[in-house]
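[1] quick one: sequence and predicted model below, then my questions.
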Amino acid sequence: MCRKVQSSVLAFPFMSLFQRSNYQELLKLSFPAALERLVMRLGQVLYFGLIVAIGAKTYSAHSIAGSIESFVYMPAYGLATAAVTLAGNSIGKKEFEETKRVAFYAVKYGVGVLSILGIGLFFGTPYIAPWFTTDAEAIKQITIALRIDAFNQPGLAISLILAGVLQGMGDTKTPLYSTAFGMWVTRVLGVLLLGKVLNLGIAGVWVAIGIDLYVRSLFLTYRFKRNIRMLKKDQMPSL
């Protein structure tokens, strides 16, 4: 039966699954991307624990604020997905100026849209928060968190979109490095220092998040520009 299948239109080269050349590149790209998700989730467990240590009500307010914020950054995820495809396509064609153009416009639109939504977040949170809780203290903390987060939106847009662009370029390690440092160093130490030691509470938590996002943005921008320079250099004919 196997011979009949292999001689038909359903034939599949099973042995090719075990050829190193077929899975080496796949693992090279997918492993850092998968590890990035794992590092992020483990980091969240740790820094969520630190927020709980500040206070149960603070953690509750933080969770609600995060749920509200998730509606705001959806456009950035959409742009990041588009940027992955377009950047990968231009890199495949070795059109590196097109890659720069894709990144520039994706970031430009992302920052613009999220900044506008951030303004709505800043002024609208006192009216949105009561949909999730009637506790006056929780509403106050949610408002503080999201008004700080309104200023974080440009950094969030840049970091999300450039991470996608870099992955589209085949660089899945840089987003891993930025996530690992951001979650395990900037956020954890930031929450510990600002939220716990300096007793800033939820304000300290969201300031730490903002610092993380802007540090990531700078790092990802640097790595993107560096990658473009290296690709152009490799493309130049040797003398």
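    Looks like it arrived, so ask away. Residues are numbered from 1 along each chain as shown.
[2] what strand or helix carries the residue nearest the centre of the chain?
    Nearest to the geometric centre of the chain sits Leu160, at 4.0 Å (C-alpha atoms, centre = their mean). Remark: Leu160 resides in helix 153-168, with elements defined by DSSP states H and E.
[3] quick check: closest non-adjacent residue to Gly210.
    Using C-beta to C-beta, 6 or more residues apart in numbering and skipping the chain neighbours, the partner closest in space to Gly210 is Asn152 (4.1 Å). (C-beta placed from N, C-alpha, C; glycine too.)
[4] spit out the contact partners of that neighbour.
    Contacts for Asn152 (C-beta atoms under 8 Å, 6 or more residues apart in numbering) come out as Gly118, Trp206, Ile209, Gly210, Leu213, Tyr214.
[5] weed out the non-buried ones from those.
    By neighbour count, with 16 or more other C-beta atoms under 10 Å, the contacts of Asn152 hold Gly118, Trp206, Ile209, Gly210, Leu213, Tyr214 as buried.
[6] among those residues, which are located in helices?
    Members of those lying in helices (criterion: DSSP state H): Gly118, Trp206, Ile209, Gly210, Leu213, Tyr214.
[7] what's the closest of the residues you listed to Thr174?
    Leu213 (15.6 Å; C-beta to C-beta).
[8] correct me, but that closest one touches Gly155?
    Yes: counting by C-beta atoms under 8 Å, Gly155 is a contact partner of Leu213 at 3.5 Å.
[9] so where is this structure shaky, pLDDT-wise?
    1-23, 25, 235-239 (pLDDT under 70).
[10] straight-line length of stretch 139-159, end to end?
    The straight-line separation of the ends of stretch 139-159 (C-alpha to C-alpha, to the nearest Å) is 28 Å.
[11] turn the contacts of Asn152 into TSV, including distance to Arg147.
    Shown next, in TSV, are these (distance: C-beta to C-beta, whole Å):
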residue	distance to Arg147
Gly118	10
Trp206	9
Ile209	13
Gly210	11
Leu213	16
Tyr214	17
